[in-house]
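*Asks:* structure of the sequence below:
(2 chains)
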Amino acid sequence: MPYKCTDKRIDKWSKDTLDELMQISTLEKKEKNEPLVEIVPTLYLTKSHKGPTVEDFKNFDAKDYFQQEAGGGGGGGGGGKSPLPAWTQDSRLAFQHLTIDMLGWQNQVLKLKIPSIDVMKDAGYTHAWLFRPPIVDAPRMLMVSFVEYLFISLKTKLMNRLLT
Amino acid sequence: MLNEIKRHPLVTNVNVEMGNGYQSIDEMIQDAHDNGCDALANCTGLGSAKLCKDENLIGGRGVLLHYERNCDRKIDDESMEHDAAILVEDAPWGSSTDPAYVIPRGNVFVVGGTYYENNTETKLSENERKRLVENADLLGIDTSITSPVSEWAGFRPVRQTVRMEIDEKFSSESKLRIVHSYGHGGSGWTTYVGAAKEVAELLCS
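*Replies:* Sure, this is the predicted structure:
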């Protein structure tokens, strides 16, 4: 979910990053170490609908509705007529647009540690986006990248020295 | 973020102070020359405001508290077993400048947050700390018996459009191929692989 970045090129970069993070997550499942990337069920609570409606379903063809403009999105509309951003159409994120009541029903199965449905309703939240993005353990990932950089840097310096 | 590396319970023996610091893009270029490089990727985030004298790049201040991942929770139903991330930008819990969120990340819960453009304060105020504890409480951490283990303030590199381009001026002057990649706002970890590939494509084009 792009955050505070409206550049139209971000959808392509996000997709490339998602490809890699999903791959890392899959590989890590085979190991017993603490994961660098964890798929985390994520809730985005809203006080308004902000999603496709029954009227949209009646009035539009699905293909036109969800059509993506090249490079369109950037955390805003995904092109086409859908009010949802383009990234919500990536099936790997298992995106759902739910009412709070629907979320309550689903959570009987998902068992997520979230505030109670009554508390969310009392605060005025009526809808939620539910999806499953990869979350990077950023400090550890930086450390891994840093060590990788040091290794490559030392190797390059050594090679340069040997060649001169 | 580098400070977070120091404090991370699973990270040891990494000296984040090592490496070079630069006061200008010319120093970076000189260092690249000295190391026999033929290309330079400038991914210095907000540092580019100074290095490249880029007035379009500003800081979007964010603040966080960290709680242990196994901290006490306020979950009524004991059968609930999986952690979730929660983000709220609508009132009363949040707003676009004061979002409320909790993210399980490694061994901690990250609780936020703020998005203040051009605010350069490097420490959390008492009011911010209080609001973050309230956010943690709202989003399910039992703050009556659990305290944060650390706090953090940082600056998102915010720009109207990301600067992702070959620097023709410096490239021709220095005979190095120089590409800039900065200004990704709060989407650094969402885009870092794609942005790196774009940099590589630009350098190879």
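*Asks:* A:S116 - how many residues pack around it?
*Replies:* Other residues within reach of A:S116, judged by other CB atoms under 10 Å in any protein chain shown, total 16. All C-beta spots, glycine's among them, are computed from the backbone N, C-alpha and C.
*Asks:* likewise B:E89?
*Replies:* 19.
*Asks:* wait, it sits on B:S95?
*Replies:* Yes - between B:E89 and B:S95 a contact is recorded at 6.4 Å, counting by CB atoms under 8 Å.
*Asks:* for the longest helix seen in chain B, what does the pLDDT average out to?
*Replies:* If you go by DSSP state H, chain B has its longest helix at helix B:188-204. If you average the pLDDT over helix B:188-204, you get 96.
*Asks:* chain center to it: distance?
*Replies:* In terms of CA atoms, centre = their mean, to the nearest Å, the gap separating the centre of helix B:188-204 from the centre of its chain is 17 Å.
*Asks:* so, in contact with chain A or not, it?
*Replies:* Yes - contact of helix B:188-204 with chain A (CB under 8 Å from any CB of the partner chain) involves B:189-195, B:197-198.
*Asks:* what is that helix packed up against?
*Replies:* The contact analysis (3 or more CB pairs under 8 Å, 6 or more residues apart in numbering or on different chains; DSSP states H and E) places helix B:188-204 against helix A:10-28, strand B:39-42, strand B:150-166, strand B:177-184.
*Asks:* swap the cut-off to 7 Å and go again
*Replies:* In terms of contacts (3 or more CB pairs under 7 Å, 6 or more residues apart in numbering or on different chains; DSSP states H and E), helix B:188-204 is packed against helix A:10-28, strand B:150-166, strand B:177-184.
*Asks:* list the contacts of the helix or strand that the first one is followed by.
*Replies:* Sequence order places strand A:37-39 as the next helix or strand after helix A:10-28, per DSSP states H and E. Where contact means CB atoms under 7 Å, 6 or more residues apart in numbering or on different chains, the residues beyond strand A:37-39 that reach it are A:21, A:24-25, A:28, A:132, A:134-136.
*Asks:* which neighbours does strand A:37-39 have in its sheet, and in what orientation?
*Replies:* Applying DSSP bridges, strand A:37-39 is found paired with strand A:134-136 (antiparallel).
*Asks:* identify each buried residue in the strand it pairs with, please.
*Replies:* Using 16 or more other CB atoms under 10 Å in any protein chain shown as the test for burial, strand A:134-136 gives A:134-136.
*Asks:* run through the residues that contact residue 103.
*Replies:* Because you didn't say which chain, this covers chain A. Neighbours of A:L103 in contact, by CB under 7 Å, 6+ apart: A:117, A:128, A:130.
*Asks:* look at chain B instead
*Replies:* Contacts of B:I103 by CB under 7 Å, 6+ apart are A:135, B:85, B:109-110.
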